[in-house]
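# Sequence plus predicted model, see below.
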Amino acid sequence: MRMRIQQTLRALEEEHQIRILYACESGSRGWGFASTDSDYDVRFIYVHRPEWYLRVEPGRDVIEMPIDDELDVCGWELRKTLGLIKRSNPTLMEWLDSPIVYRNDERATSALRALLPDYFSGLRGRYHYLSMARKNFRGYLQGEEVRLKKYFYVLRPLLAVRWIEAGKGVPPMRFDQLVAGTVDDADLLDEIAQLLHAKCEASEAKYGPRMKKIHEFIQYELDGNLSRCEVVDNVACSDDVLDRLLFQEVHC
């Protein structure tokens, strides 16, 4: 599959006349809890040739491929990417922390990652992850039998909220790192380990009974977040460093 992904990225560069700076895994494989039949969620950051930027009307800044049973590919243009960093977009920040990388322009990627501590907003991050957890809890975990993978769609953002509230900065993409940095209850850790094992050994569609400790933890965290501790936010940064990076990569 890695070879197919590399071929796909090269084909996109040729078709769209772009240069891909970074490509990674963004879904369950990147989070560390892929099922036996999980697809590959490839995300990339790219830059156009200089003339693309010299237009009265801006061009489309997203490239998407039709999704098949194995592969889901989507990329964001660099100027869009830098704008999202400026607005502290948590999804983009996760991409740059992915443990599975398919393409890496070391200079550009290092420069992008170096921006994150200054542009990360704890307030926006907490709101993003808490909203995600609430929505997924209401949508997927209300029955006595639940789809096991959906627990991670609530657990992971709640642990990211804990990470942010602990003053640790940008939450890591890897689920095991989030758990290690935010959970110390032995019974909860044991049940999370059981869930991980079940998820990785089963199909994406597997259902199972509610997991008591995890369900109680989720309910407590969602209820408690109505009156959680204050998060200190970063001071707004200048656009100059973003402009310089865009100029540098466009003219590279």
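The structure has been received and is ready for your questions. Residues are numbered from 1 along each chain as shown.
# any idea how the chain splits into domains?
The record assigns the chain these domain ranges, following automatic domain parsing: 2-120+241-250, 122-227.
# Which neighbouring elements make contact with the helix or strand hosting Leu9?
Take DSSP states H and E as the rule and Leu9 turns out to sit in helix 2-16. Judged by 3 or more Cβ pairs under 8 Å, 6 or more residues apart in numbering; DSSP states H and E, helix 2-16 is in contact with strand 18-25, strand 40-48, strand 71-77, strand 101-104. C-beta coordinates here come from the backbone N, C-alpha and C atoms, glycine included.
# one step back: can you tell me which of the domains of the chain the model trusts least?
Comparing mean pLDDT across these, the lowest value falls on domain 122-227: a mean of 92.
# Relative to Phe247, which of the helices and strands packed on helix 2-16 is closest?
Among these, strand 40-48 comes nearest to Phe247, with 10.9 Å by Cβ to Cβ.
# What are the buried residues along the helix or strand following the closest one?
Next helix or strand after strand 40-48 toward the C-terminus (DSSP H and E): strand 62-64. By 16 or more other Cβ atoms under 10 Å, the buried positions in strand 62-64 come out as Ile63.
# how about the helices and strands packed on helix 2-16, which one is nearest Arg134?
Evaluated with Cβ to Cβ, these place strand 40-48 nearest to Arg134, the distance being 23.0 Å.
# List the buried residues for the closest one?
By neighbour count on 16+ other Cβ under 10 Å, the buried set for strand 40-48 is 40-48.
# now do stretch 243-252
For stretch 243-252, a neighbour-count test (16+ other Cβ under 10 Å) marks 245-246, 249-250 as buried.
# can I get the domains of the chain in TSV with distance to Asp233?
Shown next, in TSV, are those (distance: least, Cβ to Cβ, whole Å):
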stretch	distance to Asp233
domain 2-120+241-250	9
domain 122-227	5
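# What segments of the stretch 101-250 of the chain are helices?
106-119, 122-140, 148-165, 175-182, 186-201, 212-224, 240-250 (DSSP state H, counting those that start in this stretch).
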